[in-house]
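Colleague: What follows is a predicted protein model with its sequence.
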Amino acid sequence: MPSQPNVPERTKRSTCHETMEREEEKDGIGMEEYFPSPSEPKPSHPEHDDHNASFRIFHENISLEMERAKLSTRRENFPQCDAVQSGSQGDSIFLTWEDLWVTVSNGKTKCRSLLQGLTGYAQPGEFLAIMGPSGCGKSTLLDALAGRLSSNTRQSGEILINGRKQTLAFGTSAYVTQDDTLMTTLTVREAVYYSAQLQLPDSMSRSEKKERAEMTMRELGLQDTMNTRIGGWGSKGLSGGQKRRVSICIEILTRPKLLFLDEPTSGLDSAASYHVIKRIADLAQQDERTIIASIHQPSSEVFELFHNLCLLSSGRTVYFGPASAANEFFALNGFPCPTLRNPSDHFLRTINKDFDQDIEQGSDGLKMTTEEAINILVRSYKSSEICQQVRTRVAELYKKGGKTLEKKGSQASFFTQSLVLTRRSFVNMYRDVGYYWLRFAVYISLCLCVGTVFYKIGHSYGSIQARSSVLMYIASFITFMAIGGFPSFVEDMKIFERERLNGHYGVGAYVMGNTLSSIPYLLLVSAAPGAIAYYLVGLQRGIEHFVYFTLLLFICTLLVESLMMIIASVVPNFLMGIISGAGIQGLMMLNGGFFRLRDDIPNPFWRYPIYYISFHKYAFEGFYKNEFEGLTFPSNQGGQPILMSGNEILRKTLQMDMDYSKWVDLAVLLGMVVLYRLIFLGIIKFVEKFKPIIRALGTISPKQTTQVMVNPYSTPLHEAGI
Ligand SMILES: Nc1ncnc2c1ncn2[C@@H]1O[C@H](COP(=O)(O)OP(=O)(O)OP(=O)(O)O)[C@@H](O)[C@H]1O
């Protein structure tokens, strides 16, 4: 039996791992009884002899499989696949993880282990399948390996990429997540083609990119749905399985060196599953890519495409090794797969403890609970030769080392990325009926209402009050309505996050595309409804006044959208985001100088910082100056008919800053738009940068782990000399 280095004293163990270990032991069945180590002499008994003989054969088979796996990675000259991959020979990626624990804490005392001391590897040319019952930790393992664990988790153990501690970010790997985050308004062809343009190098011609996109779509069986819109809530388009294939298609366009797939076959029928997995397995074998995928219920044909299998149950390794040897491992532990059952079904049924079921073991049909069966397999695996070989391979890969990963990301230029993103975002917006056309209709209706309520406002004394009200309504409420775009921004942010993490484009190009694409629409909603209100109300005549009015309305709407983009990047939740946005705007509106004149505000906090950073101050000033300057109104003071200039009203009655022109107000608002967009850029750029730091703060080093929650296999293999 392989000795486990540095097994700590039981007394030192923390509550969390202690409970877990006790769970393992409570069945009271020693694994040696079921799956003796080949190195241990056993009493001579015909049955034992048979068992030992088959056991030896099993280990020989496994050794052969492992050797075959090693040989495949020793091939020095990886084939050059095509111009796009441009990966120099030998720059493939291998991953090793050792004693990997992931925990979440549900409070001060409770701690739950999602992954418990996993060790394994994934190497070029191989497809590693992660299987196990729902909730066993497959996605958590993928997230941990891809460096994408959520911040409430704690990780310990070592994950090495090419034998070094380095991060996988922005295009060094691709990750097809469990959820399909796609632009619902695009057709399949558009979605894939835009992605190809974003990711593939400028040196490739448009037709080559198109060809690559079409070929990949055909490989994934999407040829009949190319012109179908993806669809989403309220507009049915593709089926779940078709969306899954679009997500995979987008990520394999550039043939990434390391590909993570979380349940790539969910929603697919068995034939589609086979073809999709076959394509991915081909990618691994022919192109020497490293593929790690979590899979539910593969058919036997699909199962045969896996090189290695990692079988998990409640975060523990039930088996890690050649997929072809898993059946024998189960059989030797007394859980042979019935002749007519698919091996993967059999494995999952044996280790799924979510449902009450009895498992029969061995030829005598000894009945036991699933929990007991899992404990037998987990212990048997830990002490087995194959586990030892996996650990040896991990140590070998560690010693072998490899290249430090270069920052990859998109191979298209900033200009191409910005252009494609602008175009894509524009297409997405104008096809979005709710965001675009419904909002437009509401703007038109509201402006018609404004026009009819304040129709032909005139120049009487009373029109001063009416003018102030209508302009205040336009400056605050009409611009406030830009908040309605928030759900689209949240969806955009989800797509951005996926594409950004997979290195499809840079943050700068995204912000540029996002800003440019919204300009035509915002100009339209400012000009058309604005013109209706302007002329029905009878605001000051003159093209200059109308142009200023439209420009100001446009800048204010752009500003509110920019504010909502910032909120969407921080609070990616519809309800919370809309409430936060409304709250901020309400605060700014209140302190913008209309509801209470600046000098009358008693609290200096509202009177100074908030008043000056409130964009409503500049919006009110701009609209008022544009309207009142140059007009005269009769005054009723003392019953004498005196004419009062608009400037006087602004200065004396409304206490507005008249030291600068209305164009300065417009310029300040434009500056605010730029500032808000820069803040948005900073957040999405630096939040990503800070994530590894936040994660690192949450990461417990192996040393701390031994102190805090003693881990039975905490010494790295290479340090242990394995
Ligand atoms: N960030 C987290 N915080 C709290 N619990 C988590 C977190 N991530 C995962 N879990 C829990 O860990 C367990 C494993 O989750 P995971 O998503 O890895 O399972 P899975 O094997 O991929 O399941 P499925 O096949 O159903 O997708 C689940 O019980 C889940 O609730």
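Modeller: Nice, thanks for sending it over. Owing to the predicted nature of the structure, the values given are computational and were not obtained by experimental measurement.

Colleague: I'd like to know how far the closest residue to Asn308 other than its chain neighbours sits from the ligand.
Modeller: Distance criterion C-beta to C-beta, 6 or more residues apart in numbering; nearest residue to Asn308, sequence neighbours excluded, is Leu128 at 4.6 Å. C-betas here are computed from N, CA, C, even on glycine. In this view, Leu128 and the ligand are 15 Å apart by C-beta to the nearest ligand atom, to the nearest Å.

Colleague: what's the answer for Val176, then?
Modeller: Applying C-beta to the nearest ligand atom, the value for Val176 to the ligand is 13 Å.

Colleague: And for Thr119?
Modeller: Distance, Thr119 to the ligand, using C-beta to the nearest ligand atom: 18 Å.

Colleague: Which neighbouring elements make contact with the helix or strand encompassing the residue nearest to Asn308?
Modeller: Here Leu128 sits within strand 127-131, counting by DSSP states H and E. Using 3 or more C-beta pairs under 8 Å, 6 or more residues apart in numbering; DSSP states H and E, the elements in contact with strand 127-131 are helix 138-146, helix 270-287, strand 290-294, strand 308-313, helix 343-351.

Colleague: The ligand: which of those is closest?
Modeller: helix 138-146 (3.3 Å; C-beta to the nearest ligand atom).

Colleague: returning to that earlier point: how much does the strand holding Leu128 deviate in direction from strand 290-294?
Modeller: Here the directions of strand 127-131 and strand 290-294 differ by 20 degrees (axes from the mean of the first three to the mean of the last three C-alpha atoms, to 10 degrees).

Colleague: which residues sit against strand 127-131?
Modeller: Residues outside strand 127-131 that contact it (C-beta atoms under 8 Å, 6 or more residues apart in numbering): 120, 122, 138, 141-142, 277, 280-281, 284-285, 290-296, 298, 303, 305-312, 323, 344, 347-348.

Colleague: out of those residues, which are buried?
Modeller: Neighbour-count burial (16 or more other C-beta atoms under 10 Å) applied to these gives 120, 122, 138, 141-142, 277, 280-281, 284-285, 290-295, 298, 303, 305-312, 323, 344, 347-348.

Colleague: quick one on the thing from earlier: so which of the helices and strands packed on strand 127-131 gets nearest Pro520?
Modeller: When the helices and strands packed on strand 127-131 are compared by C-beta to C-beta, helix 138-146 sits nearest Pro520, at 37.6 Å.

Colleague: any idea of the mean pLDDT in that closest one?
Modeller: Mean pLDDT, helix 138-146: 93.

Colleague: need the next SSE after that helix, C-terminal direction.
Modeller: Proceeding N to C from helix 138-146, the next assigned helix or strand is strand 153-161, under DSSP H and E.

Colleague: elements contacting that following strand?
Modeller: Secondary-structure packing of strand 153-161 (3+ C-beta pairs under 8 Å, 6+ apart): strand 95-105, strand 111-122, helix 138-146, helix 662-698, helix 702-708.

Colleague: Please tabulate these in a markdown table, including the columns distance to Ile601.
Modeller: Formatted as a markdown table, the helices and strands packed on strand 153-161 follow (distance: least, C-beta to C-beta, whole Å):
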| stretch | distance to Ile601 |
| --- | --- |
| strand 95-105 | 46 |
| strand 111-122 | 51 |
| helix 138-146 | 50 |
| helix 662-698 | 20 |
| helix 702-708 | 53 |
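
Colleague: Comparing these by mean pLDDT, which bottoms out?
Modeller: helix 702-708 - the lowest mean pLDDT of the helices and strands packed on strand 153-161, at a mean of 36.

Colleague: my guess is Ile566 contacts Tyr676, does it?
Modeller: Yes. At 6.2 Å, Ile566 and Tyr676 qualify as touching, with contact defined as C-beta atoms under 8 Å.

Colleague: Would you mind listing what in the stretch 201-350 of the chain touches the ligand?
Modeller: Within reach of the ligand by C-beta under 6 Å from any ligand atom, the stretch 201-350 of the chain has these residues: Ser294.

Colleague: cool, and the chain?
Modeller: Within the chain, the positions near the ligand by C-beta under 6 Å from any ligand atom are 104, 114, 132, 134-140, 150, 152-153, 294.

Colleague: Please check the residues you listed and keep the buried ones.
Modeller: 114, 132, 136-140, 153, 294.

Colleague: now the helices: where do they sit in the stretch 151-300 of the chain?
Modeller: Assigned by DSSP state H, counting those that start in this stretch, the stretch 151-300 of the chain shows helices spanning 188-199, 206-219, 240-252, 270-287, 300-303.
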